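>>> Below: sequence and its predicted model.
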Amino acid sequence: MAPAEVAYSQKLGPHPSYIQVAKPFVFEQKIQGQIIATGANPQREDTFRLQGVQWIDDTRRALQLPVRTFDTAVIYYHKFRLVHRDTEYASTDAAAAALFAACKIEDTLKKSREILCAAHNLKTSSPSEHLAPDDSVFDGPSKTIIGLERLMLEASGFDYRNRYPQKYLIKLGRRCQLDKDVVKLAYKMMLDLYRTFAPLKVTSSAMSFACLELACRLLSKQEDHLAAFDKTKWRVPRAHVMEGMLDLLELYTHFQKATELGSQYTIERFISIRIALNQEAEELRLPRFGEWSEVKGNRVVKGLKTPKTPITPASPSEVRVNGKAGDVASPATLSPRSAGSGRRGGARGQEGTVRFMLDGVQARSEKEVVAEYFRDEFEEYEVEVEEEVAPRVSLASEERRREDRRDGRNGQRDGYRARHERGFKRPRR
């Protein structure tokens with residue numbers, strides 16, 4: 001018996017691996033698209049974000065960790081929340097996993113039990129209720145944190161290139177010859193700035209200029225020192241500085257009690273500064289968000305629309321956003337599938353391996369080389385075929401044929417009309 005013929009698609013071999021390039025910056029348009037794609041509630045999204053960052057800040061202070069660990073942990077926490085839905089994890093577990101991963105990256109090693117123990121002891125008022133890190137209460141949460149650590153690194157693309165804008169802020173304060181109270185106020189603003197998505201959108205120098213300028217405006221002093229400073233060497237666009245300041249002012253206006261500095265000033269003070277910055281942006285024609293490109297169709301996410309079908313590493317890859325398999329807003333294009341999902345494989349429904357790379361040029365070159373072996377080539381040509389044409393029937397013969405078919409079969413007039421014309425009479429009984 002002859003072997004069965006193998007389909008052409010099965011002769012090509014395994015599918016090439018999917019390459020995910022790490023993204024050190026994520027702009028506002030992409031952030032809003034990912035929030036919609038994960039199905040997050042816009043009203044509760046800010047609350048969950050602030051709670052997680054506050055948990056990281058309180059725990060790292062209890063453990064006496066440096067500020068660079070806080071910066072790295074918050075960045076990983078933001079990127080993780082942009083990929084995974086809020087219903088898949090608890091905000092405290094994600095914050096603990098981000099701090100646990102940041103401690104390893106920044107070489108300030110802390111065990112998962114120590115992080116959980118420090119967070120637990122912060123909730124208790126009396127020292128007699130404090131627990132030790134080796135307590136059996138932390139067995140289950142410790143395993144959860146270790147499991148989330150891998151997803152945390154996958155969501156960031158295994159990118160360990162972290163930024164610490166505090167050192168740029170101190171250098172700029174010295175270069176501009178600003179007072180210590182201005183620099184200290186800007187330093188506190190920098191910690192509050194990490195409660196927003198600004199660290200994902202702008203550079204460290206842009207964040208430093210934004211915090212220093214906003215501190216000068218709040219204290220109403222030394223604004224001319226910062227304005228006269230030559231910013232050409234730093235290559236910081238005014239739009240990015242304006243975006244950082246407006247993000248901070250929105251945080252202080254809407255979530256004043258959830259910040260470290262917001263309760264020290266009145267809300268009217270922040271609103272007046274915000275009005276002045278909006279007027280300046282209108283005069284200079286600066287956009288509210290930098291690097292924003294209008295998308296044709298109804299996929300522009302300036303206003304949050306109806307949440308789409310979420311795609312996360314823990315959900316099946318057959319479901320796509322609005323039925324489109326190639327939707328760029330889908331988180332399936334950002335992170336691979338988790339171990340607990342139904343099917344194993346890479347992102348975007350592929351069964352190949354997910355490879356994480358840092359160099360985008362190398363990733364594009366590899367894709368071009370691999371695409372040569374998976375390209376379907378078609379050749380178009382025309383063939384002339386002679387067909388016999390049936391003879392045409394005249395209209396008179398067609399009408400005669402229809403009448404014959406109506407009266408009887410095979411053209412014989414044996415129907416009622418034909419018998420009546422021949423004088424057929426029905427016999428009487």
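Nice, I can see it. Numbering: from 1, shown residues only.

>>> Walking through this protein, point out its strands one by one.
For the chain, the strands defined by DSSP state E occupy 18-21, 354-357.

>>> Of those, which stretch is the most buried?
Ranked by mean neighbour count, the strands of the chain are led by strand 18-21 with a mean of 19 (mean count of other C-beta atoms under 10 Å). C-beta: built from backbone N, CA, C; applies to glycine.

>>> Strand partners (parallel or antiparallel) of that one?
Strand pairing for strand 18-21, using DSSP bridges, gives strand 354-357 (parallel).

>>> returning to what we had before: name the stretch from the strands of the chain that approaches residue 68 most closely.
Nearest of the strands of the chain to residue 68, taken as C-beta to C-beta: strand 354-357 at 22.9 Å.

>>> roughly how far out does that closest one sit from the chain middle?
Chain-centre distance of strand 354-357: 17 Å, with C-alpha atoms, centre = their mean, to the nearest Å.

>>> May I have it as PDB, with CA atoms only?
In PDB, the C-alpha atoms belonging to strand 354-357 read as follows (Å, rounded to 0.1, in the frame of the first residue of the first chain):
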ATOM      1  CA  VAL A 354       9.900  32.800  22.000                       C
ATOM      2  CA  ARG A 355      13.300  34.400  21.900                       C
ATOM      3  CA  PHE A 356      14.000  37.600  23.700                       C
ATOM      4  CA  MET A 357      16.500  40.000  22.100                       C
END
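
>>> Give me the mean pLDDT for it.
Here strand 354-357 scores 80 as its mean pLDDT.

>>> Now do the domain split for the chain, please.
Split into domains by automatic domain parsing, the chain comes to 23-155, 165-284, 394-424.

>>> Reformat these as CSV; add mean pLDDT and mean neighbour count.
Output for the domains of the chain, formatted as CSV (pLDDT from 0 to 100; neighbours: other C-beta atoms under 10 Å):
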stretch, mean pLDDT, mean neighbour count
domain 23-155, 91, 19
domain 165-284, 92, 18
domain 394-424, 60, 11
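
>>> Could you dump those domains into a markdown table with distance to residue 371 added?
Converted to a markdown table, the domains of the chain look like this (distance: least, C-beta to C-beta, whole Å):
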| stretch | distance to residue 371 |
| --- | --- |
| domain 23-155 | 22 |
| domain 165-284 | 31 |
| domain 394-424 | 60 |
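
>>> still on that earlier bit, could you dump the strands of the chain into a markdown table and include distance to residue 158?
Listed next are these as a markdown table, based on distance: least, C-beta to C-beta, whole Å:
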| stretch | distance to residue 158 |
| --- | --- |
| strand 18-21 | 9 |
| strand 354-357 | 5 |
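
>>> With just CA atoms, put stretch 144-154 into PDB.
The C-alpha trace of stretch 144-154 is given here as PDB (Å, rounded to 0.1, in the frame of the first residue of the first chain):
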ATOM      1  CA  THR A 144       3.400  32.500  44.400                       C
ATOM      2  CA  ILE A 145       6.000  35.200  44.300                       C
ATOM      3  CA  ILE A 146       8.600  32.900  42.800                       C
ATOM      4  CA  GLY A 147       6.100  31.900  40.100                       C
ATOM      5  CA  LEU A 148       5.200  35.500  39.300                       C
ATOM      6  CA  GLU A 149       8.900  36.400  39.000                       C
ATOM      7  CA  ARG A 150       9.300  34.600  35.700                       C
ATOM      8  CA  LEU A 151       6.200  36.300  34.300                       C
ATOM      9  CA  MET A 152       7.600  39.600  35.500                       C
ATOM     10  CA  LEU A 153      10.800  39.100  33.600                       C
ATOM     11  CA  GLU A 154       9.000  37.900  30.500                       C
END
